[in-house]
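1. have a look at this prediction, sequence included:
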Amino acid sequence: MNYHILTLFPDMVRDGLNTSIIGRAIEKGILSVEAVNIRDYTKEKHGHVDDAPYGGGAGMVMQAAPVCDAYEALCARLGGRRPRVLYMTPQGQVFNQSIARELSKEEELVFLCGHYEGIDERALEMIVTDYLSIGDYVLTGGELPAMVMIDCISRLVPGVLNNDLSAEIESFHDNLLEYPQYTRPEIYEGRRVPEILLSGHHKNIDLWRRQQSIERTLKRRPDLLAGARLTDKERAYLQNLVSGEENG
């Protein structure tokens, strides 16, 4: 997977992505991250990439030309290929695990990070393919959302995690939250690890974990349950939980 980040702050994304699991995957050549400085493509002698908005209003708007020129130069380096361009904006579709899974199948992804009051709409019309958000709030720029998405997508790229199974049996697998995890010691501050996890009976452990995921989702994110993939037995188990809550 090759990531290309169009940004005014290349050091910010380089420093944020060159550590931990993502950094090791970059070292191994499983991932590559290129930070493209949009300022390198301005024709303004002072390096300006923004200007006052037509029609008035507060703040400044990033100009179309440097953004489009940065993207076109990237496409030229890629032999004419035009990868998907993801624009980080609170106006976009809210990013989730399903979108991450889809994007992880791409060979190249471009993240466009805006600043100030945004980017000239003409640039967005010309190059953007996807408008994505990490939540209903406003940040100072698109770099942090881009790094969040890259981290999430990268976990689904084969070879990035030491245990590729981890990418699928954690939070939001089958639209359920992850079951609780425990490690040594068996007793901490009077709290014991559930006996089932010490039993060595893997089938019963899997059943317990699945039930814990259902219970946790009902308690913390019931909105996810509408899209959860459950067996008939699991639906009956969920219904008993719901009935217990109503009767309680």
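-> Thanks, I have the structure now. Residues are numbered from 1 along each chain as shown.
2. could you grab the helix/strand/coil label for the closest residue to Leu176 other than its chain neighbours?
-> In space, and not counting its chain neighbours, Leu176 is closest to Ser213: 4.2 Å by CB to CB, 6 or more residues apart in numbering. For glycine as for every other residue, the C-beta is placed from the backbone atoms N, C-alpha and C. Using DSSP: H, G, I helix; E, B strand; the rest coil, the structure places Ser213 in helix.
3. who are the contact partners of Ser213?
-> By CB atoms under 8 Å, 6 or more residues apart in numbering, the contact list for Ser213 reads 176-179.
4. ok, and the most crowded of those residues?
-> Leu176 (24 neighbours; other CB atoms under 10 Å).
5. got phi/psi on that residue?
-> Dihedral pair for Leu176: phi -120, psi 150, per degrees, to the nearest 10.
6. which residues in the chain form helices?
-> Taking DSSP state H as the criterion, the chain carries its helices at 10-17, 20-28, 64-77, 97-103, 121-127, 143-154, 202-220, 232-247.
7. got CSV for those helices, with mean pLDDT and distance to Ala58 too?
-> As requested, these are exported to CSV (pLDDT from 0 to 100; distance: least, CB to CB, whole Å):
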stretch, mean pLDDT, distance to Ala58
helix 10-17, 96, 24
helix 20-28, 96, 36
helix 64-77, 98, 20
helix 97-103, 96, 32
helix 121-127, 98, 17
helix 143-154, 98, 22
helix 202-220, 97, 39
helix 232-247, 93, 48
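8. please report how far the residue nearest to Leu176 lies from Lys219.
-> Ser213 is 11 Å from Lys219, where distance means CB to CB, to the nearest Å.
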